[in-house]
Each structure stands twice: as C-alpha cells, then as structure tokens.
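[1] Fold the following, please.
(one chain, ligands or ions: 1)
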Amino acid sequence: MLTPLFLTTALLFMGYTCYSLHTLLCKVRPLGIPYFVVPFYPGPLTRIFPIPFVNLLIKVFGLTHPRFFLMTSDWQVRRRCEVYRFIRSDIFFTVTPWKVILHVADPDMAVEVLAGKGGNGELYTRPDVYNSMLGLFGENVITAEGAVWRDHRKITAPVIGKSLSVVWEESLTQIQQMIRYYDKHEAINTSYRDFRRATLGVIAHAGFSKVMEWCPLTTAIANEKDGEGSYQKCLHVLFENFMWAVIAPSWILEMLPFKALREAGGAANNFRFFMNEWFEERKTKIELDNKTTLGPSSKADLMESLVRSSGLDKGSTLETPLLSKSEVIGNAFIFILAGHETTGHTIANAIYFLAMYPEYQVRLQEEIDSILGDSDHNQTSYETHFDALSSGWIAAIMFETLRLIPGATTISRQIGPTPRTFPRAGSQRPVTLPPGIEFWIQIICLSHNPKYWSQPGKTEAESAITEFRPERWLPKSEDNTMFKPYNGSYIPFSIGARGCIGKKFAHVEFTAIILGLFREMSVEFDSCGGRKTFDEARLECLAEIERFEPKITLQPSGEMPGIKWVRRR
Ligand code: HEM
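    As a prediction, this is how the structure comes out:
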C-alpha cells in the first residue's frame, strides 16, 4: 500500500520538477546569455545536503567542467574567474528547477543592481532564504525592506558612525592585552579565533558599553561561572553552529539526539536570555537617566538608540514606538555578528599575508615609525591619527586583503514584479530581464576580473591579479589619492543605500589593530622546531586560502600554518 503511494508521489514530484525546469529554460534561452542547468537551488541549507555529496563526487571522479563545480558553494573561491573566462561572458545563468540565478561579474550591472534606481531595496530585495536566517532573533536592518528598513537604518547607522573614537581606543586596548599573552607563548594557530575575540571586544564596548578583556577563548570558557564567560561561550557555540541554529526552533533542536544540534539550540536560547538581560538593564538605566537628566545623551551607543526607539522607557517621547523588543534583539544580534566576524577574519587574513610577504611588514613598520616618531602609539586617538594612517600602507594592505579574500563572496538580490533593463560594461548591449530572476553579484569574481585589474601597460600575468600586491593601491607620485578601481569592480562592503553600515568602523578598527600590533611586534611562520622552511609554510598557507569556505563569512576550512609573534628588533 505504502510503496505505490510513495512511487506515485515521487513520479508526480519528478514530473513537476521537469515541467518547472522546462518553463524556466524557455524563459532564459531567448535572452542569449550563457546558462548551465543545476539540479537544485544552491542556497545556504544545501551546504548540509547535497553539496558535501557533490564535493565527494567531484573529488573522486576528478570532474572539472563548470556544470559540476557550479553545484558547490565555494566555486567562486576555488575557481575565481575561471567560468567567466570559459564562457567569455561576465554574466551567466544557472537554471534550477525552482529559480533562475544570474551570476554577475560585470561591474556596470552590479552598480545598477546595488546602487541604481531601486537599489534601496524596493525593486531589488534580498531573497527570503537569507532573511529568514539572519532574522533568527527578530527583524533587523539587514532583513527589513522599504519603510521599515529606513527606520532601522536611521536608528542604527548614526550611532555606529559616532562610535569611532571608542573603536580606536578599544582596538588598541584589546591588542595590548593580546600582545601580553602572545609575549609568553611561542606558536599560535588560533589567530582567526583570537582576532574574532578582539573585534568582539570592540563591538561590545562601542555598541553596547560592555567591557570584555581580551583573553584566549579557552580561558574565557574556563571562567564560565561569571556571566561574561558564559556569554562568550554562548556566542562562540552559536556562530560555530549557526547553520544548525536556523534550521528549526531552539526548543526542537534541544530535544534532538545530536550533540551539535542540541548545543546550537541551547546557544540560541542563551543568546535570547542574555539579550533580554541587556535590554532590561538598559531600559532601567534610561528610565533613571530620564529622571535625572534632560534626555538622551549625545554619547548614546547602539543599544541605547535601539532601546529608546522601542519606546519602552517611561520618559519616551515616541508616540508610536519604531521597534518592537524582538526587533531590538534582532538588531543587537546582527550588529554583534556583522560587527565582529567580518573584521576579525579580515585582520587575520592580513596577518597571514604579512607573514607570507615579510617585505611589506618592513614597509608598514617604517611608515608607522615615520608618522609616530617617538610617541607612544597607545596614546594616539582616532581624531589625531586616523587620517595620517589611513591612506598609506595600512589602508593598502586592508584593501588588497579584501580584494583577494572579501568577507562575503556574493551579494544576492531579486528582481521585483516587472522586467528591467540593465547596462553592461564596455560596448555590450544592455539586457532586459524578466521578473523573478535572482542576481548573485560575485564580489570575489569582480575583484579578480582581468578586464579591470590588469594594470596599464602590463600583461595579465605581470599584473599579478591573484597575488598579494598592496602597492597597487598606493598613491602615485603625481597625486596623493589612493588608486580608485573601475566603478563596481571592487565592492567588498557593497555599495548604494544598502551598503555596509560598518565600513568606516571596520577601517578604523583595522588601522588601530594593525598599528598596535606592528608598532611593537613582527609576525613570522612557526618553523616547528626547524622542521618547516619558510617556503613550505608559505605554500601551505596559499593552499589553505584556496580552500577557504563561505560560512557566515569566508574562512579557513582546515588548519592554517602556525605563526609566531616576535618583538621588533
Ligand atoms: C571588513 C569588514 C566588513 C565587511 C567586508 C562587510 C561587508 C558587508 C557587505 C558586503 C554588506 C552588504 C550585504 C548585502 O547587501 O547582502 C554589509 C552590510 C552590512 N554591514 Fe558590513 N561589513 C564589514 C563590517 C561591518 C561592521 C564592523 C558592521 C557593524 C558595526 C557592519 C554592519 C553591517 C550592516 C548592519 C549591514 C546591512 C546594511 C543594510 O542592509 O542596510 N559591517 N556589510
């Protein structure tokens, strides 16, 4: 009885899938844009299944054709521009039975989607699958659209912009504490985690007025009895298992017989608990302040701005609160997440590049010394030193790191209800696309596209597009401004009204952290007691970078070679 029922359902499903694929192919073929058929929609949850299975098949059978690797989630990292070169086009479709995706490495089209008319999210919204993941704790500035998004942005962006002095100070403090620890330790192979902890400390202070001393994660977890330790453990578990935390409500996950799922559910629950506590704590403080002062202080941080906008404080002048409590917590989560992972990993990536190319460390240190002279870098401030340090080697190293390894590989958007025409770079004809198509703007393919990254008068090979060459960003002798790439070919922070709120925050943090580290220290590969040469470690590092995988941000999938911090001679 069950077998025929199962077979009929399976046949009906397959029939519907083929019909749907056929309909979408009929839509795509007349457009004259190259396309590949992919049997499933490669959204975030397919990283659990079937992508690992596809990866196994590719490895076992040595499959190299794009129709195979386009089924994986990390082809942009492993193949960079290969597929665009293969099809001789900067745009192509993957057609799945449920969706048509346009992969874009054409800068003019990327600019139109992200920053053209309708780039504020009204015509080109994020696909729902991403919003449901990022809205795990409540709607927020990333998941909201239209008028609601404008409110969220108005509440959050100005306070983030005003926090830069705290960002500078706290970055230097975190690094001082980190150096104290590194001074006593030989080799480090926890850099990604360590820098994530430093940048978590910065966003906790700048956005939430919480002071978190830097210590290695293991020490923080060992101190779990104190509230701070368990909060840090909860964040660590949540971010490491984020994929699991979004697949079902926490109470279901906590009942399942799998440890990773139970832990993810528990961490999500604990996070809600901590955020509730922070919310109530801040609400009480605001109510007290309202009784004793004349209103909101000009030094309000992100949490204060969020809580005040929820209108829950008794002295609130808001007739209609702009945010619900769950939106306050949703935004707190998104700023903790976006505000520390991306920057922490970018700094760790830059450190590995500097270990691979020590000549750039020397130039960086010489520049820092020439700007600071004998003064103490720990006495510097955002107001006095950021400008001087933000247009030379430090900035060049950050820009080049993000060009080679952007935090996010892809930005996705979907076309609204009417067909739209999009420009193409060069002398190519504009294309008109039907509704329902999803754009995947490939940040990493744009920043490797030889048409825009080959240097004038040099061949593609001489331009070393896949190599770390920060000097490409430095001002040329005739003017004092840094290199400006072709519009749309370099968008690690995205562009347009929905571009990154934390771009300057990240730049200030990166500058202060690199300053704090390299004024006192140099980084080198750990030779494992003389058993590993510099060249071996460098090759190992390059091979690991080729294997980076997009989790929340792009990050190592295996173990990076160990590094050592040594005092400058
Ligand atoms: C190197 C560091 C960073 C990188 C590479 C980065 C990258 C990005 C990108 C690519 C987007 C656009 C995503 C999309 O449209 O789908 C974005 C948006 C966003 N970023 Fe960042 N980010 C960084 C640091 C930060 C920091 C430090 C914060 C907060 C303090 C932050 C907060 C946000 C927010 C709230 C949005 C959503 C804006 C909106 O939709 O209106 N980011 N970021």
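[2] and Met255, how many residues sit next to it?
    11 (other C-beta atoms under 10 Å). (Each C-beta comes from the backbone N, C-alpha and C, glycine too.)
[3] give the contact list for it.
    Arg262 (C-beta atoms under 8 Å, 6 or more residues apart in numbering).
[4] Confirm that it sits in a strand.
    No. Read with DSSP: H, G, I helix; E, B strand; the rest coil, Met255 is coil and lies in no strand.
[5] Of all residues in the stretch 451-569 of the chain, which one is closest to the ligand?
    Closest residue of the stretch 451-569 of the chain to the ligand, C-beta to the nearest ligand atom: Gly502 (2.1 Å).
[6] Contact partners for that residue?
    Here Gly502 is in contact with 160, 338-339, 342-343 (C-beta under 8 Å, 6+ apart).
[7] Save these as TSV, and put in secondary structure too.
    Converted to TSV, the contacts of Gly502 look like this (three-state DSSP):
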residue	secondary structure
Ile160	helix
Ala338	helix
Gly339	helix
Thr342	helix
Thr343	helix
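[8] and the two most separated of these?
    Ile160 and Thr342 (13.6 Å; C-beta to C-beta).
[9] circling back to that earlier point, give me phi/psi at the residue of the stretch 451-569 of the chain closest to the ligand?
    phi -100, psi 20 (degrees, to the nearest 10).
[10] ok, now how distant is the closest residue to Val328 other than its chain neighbours from the ligand?
    Closest residue in space to Val328, ignoring its immediate chain neighbours: Leu306 at 4.5 Å, by C-beta to C-beta, 6 or more residues apart in numbering. Distance of Leu306 to the ligand, computed by C-beta to the nearest ligand atom, to the nearest Å: 12 Å.
[11] Sticking with Leu306, tell me its helix or strand.
    Assigned by DSSP states H and E, Leu306 falls within helix 302-309.
[12] out of the contacts of Gly502, which one sits closest to Ile514?
    Thr343 (11.6 Å).
[13] Verify the stated contact: that closest one with Phe510.
    Yes. Between Thr343 and Phe510 there is a contact at 6.6 Å, judged by C-beta atoms under 8 Å.
[14] And the residue most central in space within the chain, its phi and psi?
    Central residue of the chain (C-alpha atoms, centre = their mean): Gly407, 3.6 Å from the mean position. As for Gly407, its main-chain torsions (degrees, to the nearest 10) stand at phi -60, psi -50.
[15] for Val211, same thing?
    phi -100, psi 120.
[16] from memory it sits against Leu200, does it?
    No. Applying C-beta under 8 Å as the test, Val211 and Leu200 come out as separate, 11.9 Å apart.
[17] So which of the two has more stuff around it?
    Remark: of Val211 and Leu200, Leu200 carries more neighbours, 24 against 11, as counted by other C-beta under 10 Å.
[18] Apart from its chain neighbours, what residue comes closest to the more buried one?
    Counting by C-beta to C-beta, 6+ apart, Leu200 lies nearest to His340, which is 4.4 Å off, once chain neighbours are set aside.
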